[in-house]
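Engineer: okay, structure incoming, though there's no sequence with it:
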């Protein structure tokens, strides 16, 4: 397909990534129509069953900076400088995310961030938002979007950001795999207490319980959103209010009394699924249209590194960058985009799965805490040369795919240093930083 100019460009999904991409394209002078199956959430309210909180970190903030929303988003966010771990035996402990204790991830309302992005998209010349328009597929030969209860609509370029269960992806019949965890999630609420936060608002709270866990993130209204990550059969087993209350008193004793509507929340709120989606290719070319997937539609990941939205935002920035590099040639740009992003999304998918084990089990171990203290000590002593995996993921924009190799090289240098001098250690770490 030729350079950008007269193509009919459609984005499927007005979630976080779809809106960000619409703004980026609109600012390039590309007319784009965004199709969203929901009513306008600014009017109808947020969709139930979706995770309420996001943890926005360096990658997401860098993307929001591109559309002028970084500072506004931070005003809607609460910084979390570390984890507050709540062992069953009591004696909670704080584990800072960064070696200097200064860096933070940001708890932000998904609905508020989506609202800001929708407002920005709506005010961008050339961007049209169409709500209550469910896309059921794409006909790449005819160059048409297939809509529920409506005639097909012409489209030359379709950018599908319609989530993990993407209708656009299914219609393309790509090579895909959806790997579901045996765990599900359910959200609960800790309301404000005497007008203030009932828990420390500077932390992401974790109740690790071996095969399961609960986390809590702070909100601007001084409440906390708690999320249970349990094996699905455990949710089903608590089938009466009495069982729910007794279970929480036994397994989460320090927070059960802070949830006055625990049993009501537990009954009302749905159990969501946790899925990793891998597919290839992310693009499909036909005589009438070309289609590309982005965000969860291309690479849904589990939420245990807080990188889902951050990763999807990077997709949008990459598409915009590739359009610049190819002079607006959509086919070349989207081919380049998928080649660059695939390895990165595969890498963060694996790291997110591993972080689930860390959060639900390892963080409560004295051995883990000692290891983290040693890691932070190395980071302070060898600033910029030795960097933990968490900091590389959350506080840098280094491509995800380069992080595992960087960590392996660091560890090899440290092992070698056990038999050498401190000077050799410094030289080796300087070398690996130049490479990674």
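Structural biologist: That came through fine. Please read these numbers as outputs of a predicted model, since none were measured by experiment.
Engineer: so where's the stretch 51-200 of the chain shaky on pLDDT?
Structural biologist: 51 (pLDDT under 70).
Engineer: I'd like the distance between residue 351 and residue 310.
Structural biologist: According to C-beta to C-beta, to the nearest Å, residue 351 and residue 310 sit 12 Å apart. Glycine gets a C-beta too; all of them are placed from N, C-alpha and C.
Engineer: nope, residue 151 is what I meant
Structural biologist: 37 Å.
Engineer: what about these two, which has more around it?
Structural biologist: residue 310 (26 against 7; other C-beta atoms under 10 Å).
Engineer: could you check the pLDDT of the more buried one?
Structural biologist: Note for residue 310: predicted pLDDT of 98.
Engineer: show me what contacts residue 299?
Structural biologist: Taking C-beta atoms under 8 Å, 6 or more residues apart in numbering, we find residue 299 in contact with 277-279, 311, 341-342, 345-346, 349.
Engineer: and these, which are buried?
Structural biologist: 277-279, 311, 341-342, 345-346, 349 (16 or more other C-beta atoms under 10 Å).
Engineer: picking that back up, among the contacts of residue 299, which lie within helices?
Structural biologist: Residues of those located in helices (DSSP state H): 311, 341-342, 345-346, 349.
Engineer: now the residues you listed as TSV including distance to residue 136?
Structural biologist: Formatted as TSV, the ones in helices among the contacts of residue 299 follow (distance: C-beta to C-beta, whole Å):
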residue	distance to residue 136
311	26
341	26
342	26
345	25
346	28
349	27
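Engineer: who are the contact partners of the residue nearest the centre of the chain?
Structural biologist: In the chain, the C-alpha nearest the mean C-alpha coordinate belongs to residue 308, at 1.6 Å (C-alpha atoms, centre = their mean). Shown in contact with residue 308 (C-beta under 8 Å, 6+ apart): 54, 296, 300-301.
Engineer: now do residue 112
Structural biologist: residue 76 are the contacts of residue 112 under C-beta under 8 Å, 6+ apart.
Engineer: give the next helix or strand downstream of the helix or strand encompassing residue 120.
Structural biologist: For residue 120, the host element (DSSP states H and E) is helix 110-122. Going down the chain from helix 110-122, the next helix or strand is strand 127-130, by DSSP H and E.
Engineer: separation between residue 245 and residue 345?
Structural biologist: Applying C-beta to C-beta to residue 245 and residue 345 gives a distance of 41 Å.
Engineer: before we move on, what about residue 167?
Structural biologist: Taking C-beta to C-beta, one finds residue 167 at 20 Å from residue 345.
Engineer: and the residue nearest to residue 410 when sequence neighbours are not counted, which of the three is it?
Structural biologist: Spatial nearest neighbour of residue 410, chain neighbours left out: residue 386 (5.7 Å); criterion: C-beta to C-beta, 6 or more residues apart in numbering. Following DSSP: H, G, I helix; E, B strand; the rest coil, residue 386 is assigned to coil.
Engineer: quick one: contacts for residue 386?
Structural biologist: If a contact means C-beta under 8 Å, 6+ apart, then residue 386 has 378-379, 410, 414, 429 as its contacts.
Engineer: same question, residue 280
Structural biologist: 174-176, 342.
Engineer: so which of the residues you listed wins on neighbours?
Structural biologist: Highest neighbour count within the contacts of residue 280: residue 342, with 18 neighbours (other C-beta under 10 Å).
Engineer: from memory that one sits against residue 278, does it?
Structural biologist: No. Counting by C-beta atoms under 8 Å, residue 342 does not reach residue 278; the two are 9.3 Å apart.
Engineer: any idea which helix or strand carries the nearest residue to residue 120 once chain neighbours are set aside?
Structural biologist: Nearest non-adjacent residue to residue 120, counting by C-beta to C-beta, 6+ apart: residue 23, 5.4 Å away. Assigned by DSSP H and E, residue 23 falls within helix 16-27.
Engineer: identify the residues contacting that helix?
Structural biologist: 9, 11-12, 14, 32, 34, 36, 63-64, 66-67, 110, 113-114, 117-118, 120-121, 124-127, 129, 159, 161-162, 294-295, 309, 312-313, 315-317, 319-320.
Engineer: neighbour-wise, which one of the contacts of residue 386 leads?
Structural biologist: residue 410 (24 neighbours).
Engineer: SS state for that one?
Structural biologist: Here residue 410 is helix, with the state taken from three-state DSSP.
Engineer: next one, pLDDT for it please.
Structural biologist: Predicted confidence (pLDDT) for residue 410: 89.
Engineer: pLDDT-wise, what's the bottom of the contacts of residue 308?
Structural biologist: residue 54 (95).
Engineer: I'd say that residue and residue 113 touch.
Structural biologist: Yes. Residue 54 lies in contact with residue 113 (C-beta under 8 Å); the separation is 6.5 Å.
Engineer: which neighbours do the two share?
Structural biologist: residue 309.
Engineer: and the residue nearest to the centre of the chain, how far is that from residue 212?
Structural biologist: Separation of residue 308 from residue 212 (C-beta to C-beta): 20 Å.
Engineer: again, but for residue 397
Structural biologist: 33 Å.
Engineer: same check on residue 83?
Structural biologist: For residue 83, the distance to residue 212 - C-beta to C-beta - is 17 Å.
Engineer: the two: who's more crowded?
Structural biologist: Remark: of residue 83 and residue 212, residue 83 carries more neighbours, 20 against 16, as counted by other C-beta under 10 Å.
Engineer: any idea which helix or strand carries that one?
Structural biologist: If you go by DSSP H and E, residue 83 is part of strand 82-85.
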